[in-house]
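J.: here you go, sequence then predicted model.
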Amino acid sequence: MVKPGIALLIGIFVLFVIVLIFWPKKGLVSLWTRNRLNTKRTLMEDTLKFIFDCEYKNQSCGFNSIAGNLNVSASKATKIIYQLQSMGLIRFPKNEIRLTDAGRSYALQIIRVHRVWERYLADETEVSHMEWHEAADLKEHHMSLEEADKLAVKMGNPVYDPHGDPIPSSKGELPSHRGQPLSSLKEGDIARITHIEDEPPTIYTQLVALDLYPGMQVYVMDVSDEKIQFAANGEECVLSPLFASNITVELLPENEPLEEKYKLLSSLEVGEKGEIIGISKKCRGQSRRRLMDLGIVPGSVVSAELESAFGDPVAYRILGANIAIRENQADKIFINPIDERQ
């Protein structure tokens, strides 16, 4: 026979388990249901974004490409697509998958939140550029359009995200797609990078490792079926056509002068001076503001004063004060060396 005290403890434990499982809003069943609905909603919103991107770039969009983008089975992608159709968000004219007006409006809202948040991370935080996209992917499904609008106003209503993609306006307005893939250029072309695609991450990582970024001028030196060879900031780069297709450029006039390779602040030896030209666009957010607050602005004269015991950081004198700058930051500061012998 079970003792009354033990029976009471068993009863309390069973009651606790029941509460833990079935408690409204906070129970395991409620959390599991909410998570399943959130996952389903995320997949549906990601599908709308992908279809919009295909339409925007005038690319074909099919069941298999959607499944590949979502990383789900073809059967699951099919279910999502037909659910979106039943909601009036997509249609099938001539066996093509297209957004309805309502679907396009929904997709633009998600894209606006994503790109505003990426811009916020790039300009207002120290979050690494490799984390912008993933963080924005999570945020876009939970931040409201009203919250995104308020954030955009605080940042001065930016027009482009840090990768060069246009940010839809609060009214859903978006400029037409511009530019062409770097892979489409021919030998002798001069162009300026307007966008670097951040998906898939494996390709994006390698493009960033080459120090490529929007705003940079490129000069095509050689083109073949296997590679495209070009110069960017005085450095020779070689990419496969697949990788080059992830870079969008705009052609420049043939008489456009080629940009010379910038000298870097890190190239100064102790005792040498230089005039600041600017800060690389790769340096963003708080790091950029800190450098500017220290006097790293065009026209300022800077001199290398003292190396630390291990050579990093280096003390530089600017505006009458000595400041320590690490090599990875000095590599993002462009200068014109000053030859005091002249």
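T.: Happy to help now that I have it.

J.: ranges for the strands of the stretch 201-342 of the chain?
T.: Taking DSSP state E, counting those that start in this stretch to define them, one finds strands in the stretch 201-342 of the chain at 217-223, 228-232, 235-239, 247-251, 263-264, 273-279, 301-307, 314-318, 321-325, 333-338.

J.: out of those, which gets nearest to Ile81?
T.: Of all the strands of the stretch 201-342 of the chain, strand 247-251 sits nearest to Ile81, with 27.7 Å by Cβ to Cβ. For glycine as for every other residue, the C-beta is placed from the backbone atoms N, C-alpha and C.

J.: what strands line up against the closest one, and which way round?
T.: strand 180-181 (antiparallel), strand 190-196 (antiparallel) (DSSP bridges).

J.: which other residues reach that strand?
T.: With Cβ atoms under 8 Å, 6 or more residues apart in numbering as the test, strand 247-251 has contacts from 164, 178-182, 185, 189-197, 207, 212, 218, 239.

J.: please repeat the previous calculation with a cut-off of 6 Å.
T.: For strand 247-251, contacts defined as Cβ atoms under 6 Å, 6 or more residues apart in numbering pick out Gly179, Leu182, Ala191, Arg192, Ile193, Thr194, His195, Ile196.

J.: could you do stretch 304-322 as well?
T.: Applying Cβ under 6 Å, 6+ apart, the set of residues contacting stretch 304-322 is Leu268, Val270, Glu272, Gly295, Ser300, Val302, Ser303, Ile323, Ala324, Ile325, Arg326, Glu327.

J.: and for stretch 133-147?
T.: Counting by Cβ under 6 Å, 6+ apart, Thr42, Gln109, Ile110, Val113, His114, Trp117, Glu118, Asp198 sit against stretch 133-147.

J.: let's see that with 7 Å instead.
T.: Here stretch 133-147 makes contact (Cβ atoms under 7 Å, 6 or more residues apart in numbering) with 41-42, 45, 109-110, 112-114, 117-118, 121, 127, 198.

J.: so which of those residues comes closest to Leu174?
T.: Nearest to Leu174 among those, with distances taken as Cβ to Cβ, is Arg112, at 9.0 Å.

J.: of the contacts of stretch 133-147, select the buried ones using a ChimeraX command.
T.: Buried residues among the contacts of stretch 133-147 (16 or more other Cβ atoms under 10 Å), as a ChimeraX selection:
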select :42,45,109,110,112,113,114,117,118,121,198
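
J.: how about the contacts of stretch 133-147 in a markdown table, adding secondary structure and distance to Gln83?
T.: Converted to a markdown table, those look like this (DSSP: H, G, I helix; E, B strand; the rest coil; distance: Cβ to Cβ, whole Å):
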| residue | secondary structure | distance to Gln83 |
| --- | --- | --- |
| Arg41 | helix | 11 |
| Thr42 | helix | 13 |
| Glu45 | helix | 12 |
| Gln109 | helix | 18 |
| Ile110 | helix | 16 |
| Arg112 | helix | 23 |
| Val113 | helix | 22 |
| His114 | helix | 22 |
| Trp117 | helix | 26 |
| Glu118 | helix | 28 |
| Leu121 | helix | 31 |
| Val127 | coil | 34 |
| Asp198 | coil | 28 |
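
J.: for the contacts of stretch 133-147, which two are the farthest from each other?
T.: Arg41 and Val127 (25.0 Å).

J.: of all the strands of the stretch 201-342 of the chain, which one is nearest Ile90?
T.: strand 247-251 (26.0 Å).

J.: could you pull out the buried residues of stretch 120-128?
T.: Under 16+ other Cβ under 10 Å, the buried positions of stretch 120-128 are Tyr120, Leu121, Ala122, Asp123.

J.: so who does the first one touch?
T.: Counting by Cβ under 7 Å, 6+ apart, Tyr120 touches Leu151, Met155.

J.: going forward, begin numbering at 32 instead of 1
T.: Shifting the count to begin at 32 puts that one at Tyr151.

J.: that one: which element?
T.: If you go by DSSP states H and E, Tyr151 is part of helix 132-155.

J.: after that helix, next one along is what?
T.: With secondary structure assigned by DSSP H and E, helix 132-155 is succeeded by helix 160-170.

J.: between that next one and helix 132-155, how many degrees?
T.: Interaxial angle, helix 160-170 versus helix 132-155 (axes from the mean of the first three to the mean of the last three Cα atoms, to 10 degrees): 140 degrees.

J.: what pLDDT, on average, does helix 160-170 get?
T.: In this model, helix 160-170 carries a mean pLDDT of 84.

J.: swap in stretch 258-277?
T.: Mean per-residue pLDDT for stretch 258-277: 90.

J.: quick check: buried residues in that stretch?
T.: Result for stretch 258-277 [16+ other Cβ under 10 Å]: buried residues Ile259, Phe261, Ala262, Ala263, Asn264, Cys268, Leu270, Pro272, Phe274, Ala275, Ser276, Asn277.

J.: want to try TSV for these, with distance to Glu162 as columns?
T.: Below are these laid out as TSV (distance: Cβ to Cβ, whole Å):
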residue	distance to Glu162
Ile259	29
Phe261	28
Ala262	30
Ala263	24
Asn264	25
Cys268	24
Leu270	24
Pro272	28
Phe274	21
Ala275	25
Ser276	24
Asn277	19
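
J.: name the nearest of those residues relative to Asn367.
T.: Asn264 (15.0 Å).

J.: would you mind finding the most buried of the strands paired with strand 278-282?
T.: The highest average neighbour count among the strands paired with strand 278-282, using mean count of other Cβ atoms under 10 Å, belongs to strand 221-227 at a mean of 20.
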